[in-house]
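J.: Dropping a prediction and its sequence here:
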Amino acid sequence: MSSKHERIEAAVAAYRGGPLDAHFLAYVDLFNRQRFYEAHDALEALWLTTRHGPDGEFFKGLIQLAGAFVHVQKNRRGPAVALFRLAQGRLTQFPDAHWRLNLPEVRALVQGWLQRLESDAPPSALLADSPPRLELRAH
């Protein structure tokens, strides 16, 4: 597979028939493997169909979270901070285990990264020292 679209479709297909939407599960997997741009794209397909519903802001916040880490990887401190803040604002609206995602940990992750980005270290170096992870609760 050579195209980005094909890679994302393969990642999503691996989770079809699972306990949650395959796009969401692919997002978590890709995010945890630091493939943030692809995670963003995998979840965007779900967000586009739900953006006006009750989960629209949730998915948009997660897309912004992945986007923030794309900017961290590219050493773009300002855009990363802006997206972390946008994601933080959206994700605070939801209960602690929305879509089985441990949101208190996600909120702490965002806050920690906002603090890390205040340092002088290149953002990508910070990423190597402290890779982010998303954890799903059992039920």
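T.: Arrived safely, thanks for sending.

J.: alpha carbons only for contacts and neighbour counts from here, please
T.: Noted.

J.: Which other helices and strands does the longest helix along the chain contact?
T.: Longest helix of the chain, by residue count under DSSP state H: helix 56-73. Applying 3 or more Cα pairs under 8 Å, 6 or more residues apart in numbering; DSSP states H and E, one finds that helix 56-73 contacts helix 36-50, helix 77-91, helix 123-129.

J.: With mean neighbour count as extra columns, can I get the ones you listed in CSV?
T.: Formatted as CSV, these follow (neighbours: other Cα atoms under 10 Å):
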stretch, mean neighbour count
helix 36-50, 20
helix 77-91, 19
helix 123-129, 15
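
J.: Need phi/psi at the residue at the greatest distance from the centre of the chain.
T.: Within the chain, Asp120 marks the point farthest from the mean C-alpha position, 24.2 Å out by Cα atoms, centre = their mean. Dihedral pair for Asp120: phi -90, psi -10, per degrees, to the nearest 10.
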